[in-house]
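Trainee: My questions are about this predicted structure, shown below with the sequence.
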There are 2 protein chains.
Amino acid sequence: MELKYDANGLIPAIVQDEKTKDVLMMAFMDREAVKRTLETGTTWFWSRSRKEYWNKGATSGNVQIVKKVMYDCDQDTLLVFVDQQGAGACHTGEWSCFYRELKG
Amino acid sequence: MELKYDANGLIPAIVQDEKTKDVLMMAFMDREAVKRTLETGTTWFWSRSRKEYWNKGATSGNVQIVKKVMYDCDQDTLLVFVDQQGAGACHTGEWSCFYRELKG
């Protein structure tokens, strides 16, 4: 099975907490970040702004322990089930990055 | 509040079933698709391959009734809570598009 990376070599990865089923965040992985995620059992992303690999929670302690990684029918999106450690996934201090509602 | 669209005018939209909390799919919206989604209460996407708007389930009956739309801390990703109708979200017949596990 071959994942489909976009023109920049990236694939979106949705992170969902396995226990609560809350969607925590979405970030991008490249081939190396997918490899590191599977090998280390914690989430690795590619930061498009900082142009560097990023091991989620490595500095804050809010590590995401990977339980399983799913891919979709088009093979161009990942869904990563994790056991979120610490205070949550969002750099704002919120548990999930999706804490605000869009109104018409 | 202004959403951040990418260089192609698109924003990724994760669709999650409100009751089961299953992540069903991920697709892209542009500004018009976001507007239609909020106005009609069903999900609209922009198909990058077909280059047309796409009202999810309009032909299959597997409509997604929008319960609420969240946006993330970076304002560049949406999380759409829906009441998934019919057999599910995936064109393969699966309930969720994320039905296969990625192994190392």
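Mentor: Noted; the coordinates are in hand.
Trainee: got the end-to-end distance for stretch A:56-74?
Mentor: Using Cα to Cα, to the nearest Å, the end-to-end distance of stretch A:56-74 comes out at 26 Å.
Trainee: And that stretch, how far out from the chain middle?
Mentor: Here the centre of stretch A:56-74 is set off from its chain's centre by 5 Å, with Cα atoms, centre = their mean, to the nearest Å.
Trainee: Now do the buried residues in that stretch.
Mentor: Neighbour-count burial for stretch A:56-74 flags A:56-57, A:62-64, A:66, A:69-73 (criterion: 16 or more other Cβ atoms under 10 Å in any protein chain shown). C-beta here means a position set from N, CA and C on the backbone, and glycine is covered the same way.
Trainee: nearest spatial neighbour of A:Gln85, skipping sequence neighbours?
Mentor: With Cβ to Cβ, 6 or more residues apart in numbering or on different chains as the criterion, A:Gln85 has its nearest non-adjacent residue at 4.5 Å, and that residue is A:Val63.
Trainee: show me what contacts the one you found?
Mentor: The contact partners of A:Val63, by Cβ atoms under 8 Å, 6 or more residues apart in numbering or on different chains, come to A:42, A:56-57, A:85-86.
Trainee: okay if I get those residues as TSV plus pLDDT and secondary structure?
Mentor: Below are those laid out as TSV (pLDDT from 0 to 100; DSSP: H, G, I helix; E, B strand; the rest coil):
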residue	pLDDT	secondary structure
A:Thr42	98	strand
A:Lys56	97	coil
A:Gly57	95	coil
A:Gln85	97	coil
A:Gly86	96	coil
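Trainee: Check those and tell me the two furthest apart.
Mentor: The distance between the two most remote of the contacts of A:Val63 (Cβ to Cβ) is 12.4 Å, for A:Thr42 and A:Gly86.
Trainee: what touches both of the two?
Mentor: A:57, A:63.
Trainee: more neighbours, those two?
Mentor: The neighbour comparison of A:Thr42 against A:Gly86 (other Cβ atoms under 10 Å in any protein chain shown) goes to A:Thr42, with 17 against 12.
Trainee: circling back to that earlier point, would you reformat the contacts of A:Val63 as JSON lines and include distance to B:Met26?
Mentor: JSON lines is the format used below for the contacts of A:Val63 (distance: Cβ to Cβ, whole Å):
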{"residue": "A:Thr42", "distance to B:Met26": "22"}
{"residue": "A:Lys56", "distance to B:Met26": "19"}
{"residue": "A:Gly57", "distance to B:Met26": "23"}
{"residue": "A:Gln85", "distance to B:Met26": "25"}
{"residue": "A:Gly86", "distance to B:Met26": "26"}
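Trainee: Just want to check the distance between the residue nearest to A:Gln85 and A:Asp17.
Mentor: Shown here: A:Val63 relative to A:Asp17, a distance of 13 Å by Cβ to Cβ, to the nearest Å.
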